[in-house]
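Return a 3D structure for these sequence lines:
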Amino acid sequence: MKKLGFLLMLVVLLWTLPGMGQASAASNSIFLDGQELTQPANAQAGLVNGSVMVPIRVISEGLGYEVGWEKQTGTVAIKQASRSLQLFIDNPNAVVDGSDVTLSAPPMLQGDTTLVPLRFIGEQMGLKVSWDNETKSAHLYSTSEGSDSGVVNGGASTPPANEGEAVPEQPVKQPEASGGSVSGTSEANNQNMDLATINGLSFSDNRLMISADRILEPNAFKMIGPERVVIDVPNAKFADGFKEGLPLDATNHGQLAVEGYPEVSQIRYSLFSNDPSTIRIVIDLNESREFVISNENGFTFVDLTLEPVDPYIPLRPDGKSLIVIDAGHGGKDPGATGISGVLEKDVNLAIALRVDELLKQEPDIITVMTRSEDTYPTLDERVKIANDLQADIFISIHANSGSATASGTETLYTRDVSISLADAVHKYVIEAAGLNDRKVKHQNLKVTRETTMPAILLETGFLSNPLDEAVLKDSVVQDRIAAGIVAGIKEYLGLQ
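Numbers count the residues shown, from 1 in each chain. Have a look, this model is predicted:
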């Protein structure tokens, strides 16, 4: 029964790759070796922000798994034989057999139900699975040992679609070619060519991730009427298992549904040309966007950015520097919750207000806050405020969450121009908070990536840690942290 339970927990893993947009949970049938399995009626698996999530009930109830839930710290512990997994609500970092691992999506609460990402759990075990799009059903096949990894190549393998969802426009059409369709492989041109293999695509945080067997050098450009970004990957092909995660028809066309990102209507892809073999990916936009291409950790990313703003730091009419102070989260988005119930949005705002108060005492500094009360500006709005004002510095104040033992302060940046600011602020905040030094780190965050001035995000400490939480909710320490942030800003601007 335990074996069957873990297979059920893994089924949704290969319905889609991460990043296919947000979809509502659907009633999808699950078969194990031909026998249909029962899912709870009010807590079914579904796609959330591009990642397949499943309620903890599916894992725990009636399946014989040892699953623990610690409400105060938001920790989910799953054990099977010698395997030990620890997941933390709203935190993409997990612990597997004592080692830190980054998830494709963090666990989340939906009402009173905990949703966990199956892709992460699935990577720890092995089974064979196929998806039948005609019957909207998943078929699991256990191996003789129960641990062999692999995928059964189903004949109609596409991810589940939303009920009532409009059929997207046709993907990019391939050009006509004499002597036959270009959808097949051109052996004359490609037989001896070492082609890059596209394994999968995903979209989240306004960025497209292309997974391939090597670093890619795509050609990308914008088109209008309608607005879209076109990415051509020359000398490339789709992997044999590509269609197990994303739809790919007989003519090598497919599309990736995107929801929750109003700038993007859909993403289309196809084998665009056979001479040379070229994969074309098109991001259909609802509004004009710029883009930046980068390679990180073996993946190729296409980041959608706001329309460019003059990146120079302007001279103020009175010679003053403009600082945008961003109190993270707010309003409907509480952020992390401490073990005693303190909300991250409240801690962030308290520190941000104090920073604003202190900076207002500096004759050479002007301040603007993205929020000064319990409201929720979107990430786009926070970026737009700073860019429209052509601020000199953007600083976002947050608190972290993780395991009950995770502790410390870290400062995050995305662009190299922000390193000096991050170093200056971090030095003073570490001394002020008195917590573990988790260093200055590079991380690809929207507010630090899409702002055009030096921009950092400060994680003051871990609300999931009793010691850190006690420190962060202390108004005296909040004042010290605020003073540290101000000291770092003044040092960076040469005002000390």
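
Need the contact partners of the helix or strand harbouring residue 476.
In the assignment (DSSP states H and E), residue 476 maps to helix 475-493. Contact with helix 475-493 is made by 321, 323, 347, 350-351, 354-355, 357-359, 362, 364-365, 392-393, 395, 397, 420-421, 424-434, 454, 458, 460, 471-472, 496, as judged by CB atoms under 8 Å, 6 or more residues apart in numbering. Bear in mind the C-beta positions are built from the backbone N, C-alpha and C, glycine included.

Three-state assignment for the residue nearest to residue 208 when sequence neighbours are not counted, please.
Take residue 208 and drop its neighbours on the chain: the residue closest to it by CB to CB, 6 or more residues apart in numbering is residue 302, 4.3 Å away. What DSSP: H, G, I helix; E, B strand; the rest coil gives for residue 302 is strand.

all numbers from here: first residue = 10
Sure, I'll start numbering at 10, so the last one becomes residue 311.

if we can go back for a sec, buried residues, the helix holding residue 485. List them.
486-502 (16 or more other CB atoms under 10 Å).

Give me the mean pLDDT for it.
Regarding helix 484-502, the rounded mean pLDDT is 96.

ditto for stretch 327-347
For stretch 327-347, the per-residue pLDDT averages 91.

before we move on, what about stretch 397-411?
93.

Equivalent analysis for stretch 265-284, please.
Rounded to a whole number, the mean pLDDT of stretch 265-284 is 85.

From the opening residue of it to its closing one, how far?
25 Å (CA to CA, to the nearest Å).

quick one: buried residues of it?
Buried residues in stretch 265-284, counted by 16+ other CB under 10 Å: 265-268, 270, 272-283.

How about stretch 417-430?
Of all the residues in stretch 417-430, those buried under the rule 16+ other CB under 10 Å are 417, 418, 419, 420, 421, 422, 423, 424, 427, 430.

And for stretch 283-303?
Going by neighbour count (16+ other CB under 10 Å), the buried part of stretch 283-303 is 283, 286-294, 298, 300, 302.

What is the nearest of those residues to residue 250?
Of all the buried residues of stretch 283-303, residue 250 sits closest to residue 288, with 15.3 Å by CB to CB.

Quickly find the element holding the spatially closest residue to residue 85 that is not a sequence neighbour.
Among residues not flanking residue 85 along the chain, residue 96 sits closest, at 4.4 Å (CB to CB, 6+ apart). Per DSSP H and E, residue 96 falls inside strand 92-97.

Show me what that strand pairs with in its sheet, parallel or antiparallel.
Strand 92-97 has the following strand partners under DSSP bridges: strand 84-89 (antiparallel), strand 100-105 (antiparallel).

Contacts for the last one, please.
Pointing back at strand 100-105 there. Contact with strand 100-105 is made by 83, 92-97, 109-116, 129, 133, 345, 410-412, 415, 473, as judged by CB under 8 Å, 6+ apart.

List the buried residues of the strand holding residue 96.
For strand 92-97, by 16+ other CB under 10 Å, it's 94, 95, 96, 97.

what's the lowest-pLDDT member of those?
Lowest pLDDT of the buried residues of strand 92-97: residue 94, 76.

Setting the sequence-adjacent residues aside, check what's closest to that residue.
In space, residue 94 is closest to residue 87, 4.5 Å off (CB to CB, 6+ apart).

Surely that neighbour touches residue 76?
Yes: if you go by CB atoms under 8 Å, residue 87 and residue 76 touch, sitting 5.4 Å apart.

what about these two, which has more around it?
Using other CB atoms under 10 Å, the more surrounded residue of residue 87 and residue 76 is residue 87, with 21 against 18.

Helices of this structure, start to end?
Under the criterion DSSP state H, helices of the chain are mapped to 11-19, 65-69, 127-131, 196-199, 353-368, 388-398, 428-442, 455-458, 475-481, 484-502.

which stretches of the protein aren't confidently modelled?
The model of the chain has pLDDT under 70 over residues 10-74, 89-92, 113, 120-121, 126-202, 315-326.

what domains does the record give for it?
Listed by automatic domain parsing, the domain ranges of the chain are 11-150, 196-314, 330-502.

Highest mean neighbour count out of the ones you listed?
Among the domains of the chain, the stretch with the highest mean neighbour count (mean count of other CB atoms under 10 Å) is domain 330-502, at a mean of 20.

start to end distance for that domain?
End-to-end span of domain 330-502 (CA to CA): 8 Å.
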